[in-house]
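> coordinates only, sequence not included:
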């Protein structure tokens, strides 16, 4: 192990995570993540104040395991935007304390760049690339030329892809997080049983929307619940399958429109919802058709984690992109990359 390491912290939502990355080799020396899904599932979604309290408990426990690496650290990196302000604050507070006490440089990392660099954990970066970012908070197409030159070329005008899965799962009483549950139910369902409208299918614009689709699902659910038989398990399987197919069809329609304008050489899917197998299969097919190289994050790195934050931090370190303790702040949203 070399004596040039970065410690990175991730607390933008409901995952507490710390990683140690080697600067010269991108090697992941240590990585641990404590998820809060069980605690939030009772409420059917993330409760920010509860998430913050759980970070206060979890982050110091993980940090305790990292003490042996302290003498070899060159910098502390932390997610500071975008995310929930109360949870980001916990990570940033810890990063500031470590920066002061260990006299180390501080690096502020954009969480969305983290998702993009989840593709390059323990690897060299491959850019330029066009990226579909799908998560609980975002649905975007990004053109990434370099770490400092990234542009959002399409985004959602309301709900995100991942969020719509959570909401459908909640309507059907299936629990949280919705992504894996809806996917599992879809496997046993008939995706052609319920006719659902593909959002913005007539619009020439390349943008996403999920609120209309979500409402269409709600109407079917209410109709079934009010029927004599009530809603059956098979109904739930079929609703999940029909919804998942339509949600993915919407993305595919917009990607095809985008590719008519410009076919990228490299394409990738990142973010928590990029773990969806049906979405991956459809995109794989599209990329083969256009002779594009498709890059996917390992499934264990799709959701929020500190390893991806550390991977961005290595690049920022090489570019001397540091921030002072007084300047670092948390942002819930960011307009530009």
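On my side now, so go ahead. All values reported here derive from a predicted model rather than from experimental measurement.
> now residue 277: closest residue in space, sequence neighbours ignored.
Nearest residue to residue 277, sequence neighbours excluded (C-beta to C-beta, 6 or more residues apart in numbering): residue 183, at 6.5 Å. Backbone N, C-alpha and C define where each C-beta goes, glycine included.
> other SSEs contacting the host helix or strand of the one you found?
Element membership for residue 183 (DSSP states H and E) is helix 178-186. Applying 3 or more C-beta pairs under 8 Å, 6 or more residues apart in numbering; DSSP states H and E, one finds that helix 178-186 contacts helix 161-171, helix 233-261, helix 277-289.
> out of those helices, deepest packed?
Highest mean neighbour count among those (mean count of other C-beta atoms under 10 Å): helix 161-171, with a mean of 24.
> for it, packing partners?
Here helix 161-171 touches helix 178-186, helix 211-225, helix 233-261, going by 3+ C-beta pairs under 8 Å, 6+ apart.
> the closest residue to residue 304 other than its chain neighbours: neighbour count?
Closest residue to residue 304 apart from its sequence neighbours, by C-beta to C-beta, 6+ apart: residue 15 at 4.3 Å. Other residues near residue 15 come to 22 when the count uses other C-beta atoms under 10 Å.
> what's the answer for the one 3 residues further on, then?
Around residue 18 there are 30 other residues, counting by other C-beta under 10 Å.
> my read is that it contacts residue 59, right?
Yes - between residue 18 and residue 59 there is a contact under C-beta atoms under 8 Å: 6.9 Å.
> between these two, what contacts are shared?
Residues touching both residue 18 and residue 59 by C-beta atoms under 8 Å, 6 or more residues apart in numbering: residue 9.
> center of this structure - which residue?
residue 271 (3.0 Å; C-alpha atoms, centre = their mean).
> list the contacts for it?
115, 133, 134, 135, 138, 162, 302.
> go with 7 Å
Shown in contact with residue 271 (C-beta atoms under 7 Å, 6 or more residues apart in numbering): 115, 133, 134, 135, 138, 302.
> for the second one, give me its contacts.
So the one you mean is residue 133. Counted by C-beta under 7 Å, 6+ apart, residue 133 has contacts 112, 115, 140, 142, 270, 271.
> and the first one, how many residues sit next to it?
The reference is to residue 112. 27.
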